[in-house]
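Novice: please work out how this folds:
(chains A and B)
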Amino acid sequence: MTILLFLLAVSLLIAALGLAAFLWSLKTGQYDDLDGAANRILFDDD
Amino acid sequence: MGGPDKPGQDGLKGGTLDRPLPSVSAETACAHCSLPAPAGKRFCCPGCEAAYGIIQGLGLGRYYQQRLLDISARALRPEPAERWDLARHVTTRPDGGFELTLAVDGLQCGACVWLIESVLAKQPDILAGRVNMTTRRLHLAWRGVPADADGLVAVIEALGYRLVPFDMTALNAARDQKGRMLLRCLAVAGFAACNVMLMSVAIWAGESGIIGPATVALLHWVSALIAMPAVAYAGRPFFGSAFAALRQGRTNMDVPISIGVLLVTGVSLVQTIQRGPDTYFDSAVTLLFFLLIGRVLDHRARGRARATAEQLLTLRMTDVAVLEPDGTVRRRGQEQVAEGDRILVASGERIGVDGVVESGAASLDASLVTGESLPVAAEPGAPVFAGSLNLGATLTVRATATGGSTLLAECVRLIEAAETRRGRFVVLTDRVARRYAPTVHVCALGTFLWWFFVAGVPAGQALLTATSVLIITCPCALALAVPAVQVIATGRLFRGGMLLKSPTALERLADVDTVVFDKTGTLTEPLLALAECRDAEALAEAAAMAACSRHPLARSLVSAAGRVAPASDVTEHPGQGLSRMTEAGEIRLGSRAFCGGFDDAAAGPELWLSRPGLPPVRFGFDERLRADAVQTVDRLRAMGLKLALLSGDRPAQVARIAGALGIEDWRPGCSPVDKVALIEAMGAEGRRVLMVGDGLNDSPALAAASVSASPSTAADVSQTVADLVFQGAKLGPVALAMRTARRSRSVMRQNLMLSIGYNVLVVPLAVCGWVTPWLAAAAMSGSSLLVMANSLRLHGRTDA
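Specialist: As a prediction, this is how the structure comes out:
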């Protein structure tokens, strides 16, 4: 059953990474301008 | 983006968005804005030529291809810009640079964003120039001196966009932070819900004996370690609101939520420590997760509507040009003007203070203040009011009233008085919560007492059963019932051009039984319509000259003529008209006296055109109903609403409009005080009134009514007071809002019945102690999904 401890830790770690990534993207303002982001992908140069 | 009926665009003033789409051949179209250009020229006006020069000069000619991504988007025709005291709004950055946030008017599609950012990137010393397309704001940062802002702003304004400095008010910043906090809570709750549920499924699967008690204990402990910090973090929005309500001796939906979540977590923790069989950590965090989804959506929908309304208001804000004793002119904020100051009001500028004209003569468009649709003449000695638009030459005005004594402040006082009388409206969920929370808590307490004293089980066991009652009755579905409907309704109204500003407006709107309209600018179009014109050729000639003026009649003439290229060399004679020299002689467009018109006994607003060698031609104007006013009024009547028309205008005009719409209850010549009195009299009869109005003179009445709506062309104060703001040239959004509100109310009621009925069914199971953690989880999710699915039905019906 020690494998269980290992798997629990790994799955929690991965999920925590996802959470941290989301909180980071929120903090850096990536959700502030959803309309703009949709249009910016059409610009060639920036 | 960019369809002509998209909210957030067609209601905005500035640029030339309100002109019809041109379909002229390339030879006659302006190379910049595609509107017709005078024959043989590449540009329709010097502004376009300058804008084209800037764009080509910076090597950004690709803009003209870029904007083809959206066929309805056109370059704006630059118009004379207002001057701002930008330095007041500039802030210093920690790295020594400066920054400024501005509201941008005229953004149509991605190409505009590209153009603005590319132009800014080529300016010297620029650190950042980024447009936020969602909030329509431009953020500028640069090195150097604060005054550089003027140059940066001027270059964008030369392209035809209007920029207005944006004060990041405390309120605005707080709301943004709240949105982020909710999102962070949602993320944490989601993380916890997924992982705890993972453990729980393993535990439930192990109930058949596959896993041993030690492993179950381990899984319980891991669940507890994830759930407890998550509840503490993600529960804050609910705990805070519940605590605030309890401290005021009230109760709201957050009270049972908070009690439920905390009690469930506490009991589960005790169970974990005592190595009991059942814990409910999964229920606690999943509940928070579901509820937070509702909160986040709700916040987003309303935040967006309110941001658009704020944008509209910011674009109207004006600085005041104060003439200092030493003869220099300084621009100051309205609040910094003292009584006795002399103010310069340029042509096309809105007057910022109440005052008396000292020198100059012009006509003023006072429609926002008085509701009068025709311009009034302002001569030395005449009183003028804040909010009037100068249509003629530059005026010098001496400020007579500032602060609390302006007409504006008078209206604000009336509004405040009316709003206090309106009283506090209790939202549906809070009304339900008032009865629901005590019932549930008594039920849980009864369960505990019965099991402990009558059935004689140990206290821990009895407490667990009582907790399962709380979980089963946890108002998850109940708390989603109303927000889910509100999110969908707000989104629908937003797409229909109606901005919902107040969270309770939808519920108040559903109770309305009487609709009171103002006439000018509400039922009728803001511009007068050309009613009489006998000569199409004269119309084209007159419109070409009129295109150079901001006088309302001139603008009406232009919109009646359709596509016209503005004439060159037009001189404006304040209060009289326009003139233009040609080889044959002088052409004049203006008042009867100015053009030598003969008296043909025709009444009403008019313009005359005199040409050398030809008799003067008369253009008669009339108020025109909004295109769908009759339809909308009929629809409202069909909904069983009583209609009334209160106007400050003359009886004949009001009678004509009332007759055309079939409104029987109408009153002309109402002052703002009369309107408030009439609306309050209706309220005293027990009627719920929806007031639709636009002028400053309507704003007290808007506040006095139980719910209010304003067009986005309305006075600033009216828009601030109104619960709903509708955009575009149509009145239809009012009917749409009424219909949506009524449907929303019925769906909300169904949702509440569904979730209460659900509880009534499962509570007996919980009281009997038959509920296990997995049953609780399934019941909770099931009822929430049911409520969400029912709310989505509102989304499907698009026939309004």
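Novice: close to chain B: what parts of chain A are there?
Specialist: Applying Cβ under 8 Å from any Cβ of the partner chain, we find that chain A lies next to chain B at A:1, A:4-5, A:8, A:11-12, A:15-16, A:18-19, A:22-23, A:26, A:31-36, A:39-40, A:42-43, A:46. (Glycine included, C-beta is placed from N, CA and C.)
Novice: if you set the cut-off to 7 Å instead, what comes out?
Specialist: Taking Cβ under 7 Å from any Cβ of the partner chain as the contact definition, chain A meets chain B at A:1, A:8, A:12, A:15, A:19, A:22-23, A:26, A:32-36, A:39-40, A:42-43.
Novice: so which of those sit within helices?
Specialist: Using DSSP state H, the members of these that fall within helices are A:Leu8, A:Leu12, A:Ala15, A:Leu19, A:Phe22, A:Leu23, A:Leu26, A:Leu34, A:Asp35, A:Gly36, A:Asn39, A:Arg40.
Novice: skipping adjacent residues, who's closest to the second one in space?
Specialist: With Cβ to Cβ, 6 or more residues apart in numbering or on different chains as the criterion, A:Leu12 has its nearest non-adjacent residue at 6.3 Å, and that residue is B:Asn195.
Novice: what helix or strand is that neighbour on?
Specialist: According to DSSP states H and E, B:Asn195 maps onto helix B:170-205.
Novice: and that helix, average pLDDT?
Specialist: For helix B:170-205, mean pLDDT is 82.
Novice: next SSE after it?
Specialist: Using DSSP H and E, the helix or strand that follows helix B:170-205 in sequence is helix B:213-234.
Novice: count the neighbours of B:Ala192 for me.
Specialist: 28 (other Cβ atoms under 10 Å in any protein chain shown).
Novice: and the gap between it and chain A?
Specialist: Separation of B:Ala192 from chain A (Cβ to the nearest Cβ, to the nearest Å): 9 Å.
Novice: check what pLDDT the closest residue to that residue other than its chain neighbours gets.
Specialist: Leaving aside its sequence neighbours, B:Ala192 sits nearest to B:Ala230 (Cβ to Cβ, 6+ apart; 3.4 Å). The score at B:Ala230 is 95. That number is its pLDDT.
Novice: go ahead and confirm B:Ala230 touches B:Ala189.
Specialist: Yes. B:Ala230 lies in contact with B:Ala189 (Cβ atoms under 7 Å); the separation is 6.2 Å.
Novice: for the two, list the residues in contact with both.
Specialist: Taking Cβ atoms under 7 Å, 6 or more residues apart in numbering or on different chains as the criterion, B:Ala230 and B:Ala189 both touch B:Val285.
Novice: counting neighbours, which of the ones in helices among the residues of chain A next to chain B end up buried?
Specialist: A:Leu8, A:Leu12, A:Ala15, A:Leu19, A:Phe22, A:Leu23, A:Leu26, A:Asp35, A:Gly36, A:Asn39, A:Arg40 (16 or more other Cβ atoms under 10 Å in any protein chain shown).
Novice: can you redo these as JSON lines with pLDDT?
Specialist: Shown next, in JSON lines, are those (pLDDT from 0 to 100):
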{"residue": "A:Leu8", "pLDDT": "87"}
{"residue": "A:Leu12", "pLDDT": "90"}
{"residue": "A:Ala15", "pLDDT": "91"}
{"residue": "A:Leu19", "pLDDT": "93"}
{"residue": "A:Phe22", "pLDDT": "92"}
{"residue": "A:Leu23", "pLDDT": "92"}
{"residue": "A:Leu26", "pLDDT": "86"}
{"residue": "A:Asp35", "pLDDT": "76"}
{"residue": "A:Gly36", "pLDDT": "79"}
{"residue": "A:Asn39", "pLDDT": "78"}
{"residue": "A:Arg40", "pLDDT": "80"}
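Novice: can you add distance to B:Ala284 and give the ones in helices among the residues of chain A next to chain B back as TSV?
Specialist: Formatted as TSV, those follow (distance: Cβ to Cβ, whole Å):
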residue	distance to B:Ala284
A:Leu8	20
A:Leu12	18
A:Ala15	18
A:Leu19	18
A:Phe22	21
A:Leu23	21
A:Leu26	24
A:Leu34	31
A:Asp35	36
A:Gly36	38
A:Asn39	41
A:Arg40	40
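Novice: which of those sit farthest apart?
Specialist: Greatest spacing in these, by Cβ to Cβ: A:Leu8 and A:Asn39 (43.4 Å).
Novice: where are the low-confidence patches of the stretch 351-500 of chain B?
Specialist: Scanning the stretch 351-500 of chain B for pLDDT under 70 picks out the ranges B:366-374, B:387, B:402-427, B:475.
Novice: what about the residue in it that chain A sits nearest to, how many neighbours?
Specialist: In the stretch 351-500 of chain B, the residue that lies nearest chain A is B:Phe494 (13.3 Å; Cβ to the nearest Cβ). Per other Cβ under 10 Å, the neighbour tally for B:Phe494 reads 19.
Novice: can you tell me how far it is from B:Asp723?
Specialist: 14 Å (Cβ to Cβ, to the nearest Å).
Novice: now do the same contact list for B:Lys519.
Specialist: B:Leu645, B:Ser647, B:Asp649, B:Val654, B:Ile657.
Novice: so for it, what pLDDT did the model give?
Specialist: 80.
Novice: not counting its neighbours along the chain, what's nearest it?
Specialist: Closest to B:Lys519 by Cβ to Cβ, 6+ apart is B:Ser647, at 3.9 Å.
Novice: please name the residues that touch that neighbour.
Specialist: B:Asp518, B:Lys519, B:Thr520, B:Val654, B:Pro668, B:Cys670.
Novice: for it, give me phi and psi.
Specialist: Reported as degrees, to the nearest 10, the phi and psi values for B:Ser647 are phi -140, psi 150.
Novice: same check on the one 3 residues further on?
Specialist: Note on B:Arg650: backbone dihedrals following degrees, to the nearest 10 are phi -70, psi 150.
Novice: okay, now the residue of chain B found nearest chain A: neighbour count?
Specialist: Closest approach between chain B and chain A, counting by Cβ to the nearest Cβ: B:Gly110, at 3.0 Å. For B:Gly110, the tally of surrounding residues (other Cβ under 10 Å) stands at 25.
Novice: ok, and the closest non-adjacent residue to it?
Specialist: Spatial nearest neighbour of B:Gly110, chain neighbours left out: A:Asn39 (3.0 Å); criterion: Cβ to Cβ, 6+ apart.
Novice: same check, this time on B:Arg592
Specialist: B:Trp608 (5.5 Å).
Novice: can you tell me the SS state at that neighbour?
Specialist: In three-state terms, and counting by DSSP: H, G, I helix; E, B strand; the rest coil, B:Trp608 is strand.
Novice: ok, what's across the strand from it?
Specialist: Beta bridges link B:Trp608 to B:Gly590, B:Arg618, judged by DSSP bridges.
Novice: ok, it touching B:Arg618?
Specialist: Yes. The pair B:Trp608 / B:Arg618 is scored as a contact, 5.7 Å apart, by Cβ under 7 Å.
Novice: contact partners for residue 43?
Specialist: I went with chain A, as the question did not name one. With Cβ under 7 Å, 6+ apart, A:Phe43 has these contacts: B:Trp114.
Novice: actually, chain B is the one I wanted.
Specialist: B:Cys30, B:Ala31, B:His32, B:Ala37, B:Glu49, B:Tyr52.
Novice: report pLDDT for it.
Specialist: 75.
Novice: what about it, which helix or strand?
Specialist: Going by DSSP H and E, B:Phe43 is not in any helix or strand.
Novice: tell me which element the spatially closest residue to it that is not a sequence neighbour falls in.
Specialist: Distance criterion Cβ to Cβ, 6+ apart; nearest residue to B:Phe43, sequence neighbours excluded, is B:Glu49 at 4.2 Å. Element membership of B:Glu49 [criterion: DSSP H and E] is helix B:46-57.
Novice: gap between B:Pro124 and B:Leu102?
Specialist: 19 Å.
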